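# sequence and predicted model, in that order:
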Amino acid sequence: QVQLVESGGGLVQAGGSLRLSCAASGRTFSSYAMGWFRQAPGKEREFVAALAWRGGSTDYVDSVKGRFTISRDNAKNTLYLQMNDLKPEDTAVYSCAARSPSSPRYNYWGQGTQVTVSS
């Protein structure tokens, strides 16, 4: 079992930055692939970024490439999302997710943290 708790959301002006954190419980955190997703009001949940379990391979949705960076610190059991040059369209609830090695899809989810970008 893995429990995920996000933090770091808030209100920021366009062009600003935020760093989201996702604290994970469990001793096998380092073996899980991790990802960030977001859901804006009235919209479907959207993939934002992913990081392989070894921390090497990353993937981003086109709209955040060059602005967001996903990283992890396995010693601290923490996943991060550095968000720079934020835009109003980035406003959403951001959730982290974990995928165990045997699962084809993300099978653990956090509650989410609100990010609001004002214009």
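That came through fine. Keep in mind the model is a prediction, meaning the values are calculated, not measured.
# what's the spatially most central residue of the chain in contact with, if anything?
Residue closest to the average C-alpha location in the chain (C-alpha atoms, centre = their mean): Trp36, at 2.7 Å. Each residue near Trp36 by C-beta atoms under 8 Å, 6 or more residues apart in numbering is listed here: Leu20, Cys22, Val48, Ala49, Ala50, Ile70, Leu79, Leu81, Tyr94, Ser95, Cys96, Ala97. In short, each C-beta sits where N, CA and C put it, glycine included.
# tell me the one among those nearest to Gln111.
Nearest to Gln111 among the contacts of Trp36 is Ser95, at 7.2 Å by C-beta to C-beta.
# the helix or strand harbouring the closest one pairs with which strands, and in what direction?
Taking DSSP states H and E as the criterion, the element that holds Ser95 is strand 92-99. According to DSSP bridges, strand 92-99 forms sheet pairs with strand 33-39 (antiparallel), strand 108-109 (antiparallel), strand 113-118 (antiparallel).
# so for that strand, what gets flagged as buried?
Residues of strand 92-99 classed as buried: Ala92, Val93, Tyr94, Ser95, Cys96, Ala97, Ala98, Arg99 (neighbour count, 16 or more other C-beta atoms under 10 Å).
# any idea what the third one is bridged to?
Under the criterion DSSP bridges, Tyr94 forms beta bridges with Arg38, Thr113.
# for Met83, give its distance to Ala75.
Plainly put, Met83 is 23 Å away from Ala75 if you go by C-beta to C-beta, to the nearest Å.
# settle it for me: which of those two has more neighbours?
Ranked by neighbour count (other C-beta atoms under 10 Å), Met83 and Ala75 place Met83 first, with 26 against 8.
# sounds good, over and out.
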